[in-house]
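> model the structure of this input:
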Amino acid sequence: MLVILNILNRRSAQWLLVRQDKIVAQVNFILSTDQDKLLFTLDKLLKKNKISLAKVKGLFLLVHETSLTQIKLFTATINTLAWYHSLPVMADWHYLGKIEDDLKKITASFKKVKKFKPLVVTYQRPPDITISKKRPKFTIHR
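This is a model prediction of the structure:
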């Protein structure tokens with residue numbers, strides 16, 4: 001059994017339980033800044049299906065589109081859960097496919113990974129930092 005955190009966009013995500021290349025259960029939830037439901041929805045999904053996280057074979061993080069801050073938070077959460085339960089973890093931070101089409105590939109990738117090794121966020125593009133064009137309403141005197 002695998003657990004997949006699928007981040008669809010900045011506002012929505014889903015937890016998936018995968019057994020033998022098939023999604024056996026899922027829960028969709030909203031990502032909001034005022035209330036974090038990430039672990040609450042995972043707990044709800046596991047309890048509903050009577051599964052302990054210790055019985056899971058691995059955790060996978062899929063990110064379609066989200067902010068860099070959210071990616072770091074999700075990665076830290078997945079790493080912490082996996083470290084605590086000694087689970088292998090994998091991620092795709094720039095996922096563009098359809099999950100149903102890639103389940104066999106995702107499950108097969110866990111055959112190569114047997115123990116926990118933390119995920120490290122990689123960036124494909126340089127940061128887009130700009131200087132404000134607004135004129136300050138103050139002056140600095142020396």
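> export the helix or strand of the chain with the lowest mean pLDDT as PDB, just CAs?
Across the helices and strands of the chain, mean pLDDT, DSSP states H and E gives its lowest value to helix 99-109, namely a mean of 88. What follows is helix 99-109, C-alpha atoms only, in PDB (Å, rounded to 0.1, in the frame of the first residue of the first chain):
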ATOM      1  CA  ILE A  99      -2.100  10.000 -12.000                       C
ATOM      2  CA  GLU A 100      -4.200   7.100 -13.200                       C
ATOM      3  CA  ASP A 101      -1.900   6.700 -16.200                       C
ATOM      4  CA  ASP A 102       1.300   6.700 -14.100                       C
ATOM      5  CA  LEU A 103       0.400   4.500 -11.100                       C
ATOM      6  CA  LYS A 104       2.400   1.500 -12.400                       C
ATOM      7  CA  LYS A 105       5.400   3.700 -12.900                       C
ATOM      8  CA  ILE A 106       5.100   5.200  -9.400                       C
ATOM      9  CA  THR A 107       4.600   1.800  -7.700                       C
ATOM     10  CA  ALA A 108       7.500   0.300  -9.700                       C
ATOM     11  CA  SER A 109       9.800   3.100  -8.600                       C
END
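> ramachandran angles for residue 89?
phi -130, psi 150 (degrees, to the nearest 10).
> excluding its backbone neighbours, what's nearest it?
In this structure, residue 89 finds its nearest non-sequential neighbour in residue 82, 4.2 Å apart by CB to CB, 6 or more residues apart in numbering. (Each C-beta comes from the backbone N, C-alpha and C, glycine too.)
> part of a strand, is the one you found?
No: counting by DSSP: H, G, I helix; E, B strand; the rest coil, residue 82 is located in no strand; its state is helix.
> which parts of the protein are helices?
For the chain, applying DSSP state H gives helices covering 38-48, 68-85, 99-109.
> tabulate those in CSV, adding columns for mean neighbour count.
CSV is the format used below for those (neighbours: other CB atoms under 10 Å):
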stretch, mean neighbour count
helix 38-48, 15
helix 68-85, 16
helix 99-109, 14
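> any idea which of those helices gets closest to residue 7?
In terms of CB to CB, the element of these nearest to residue 7 is helix 68-85, at 6.2 Å.
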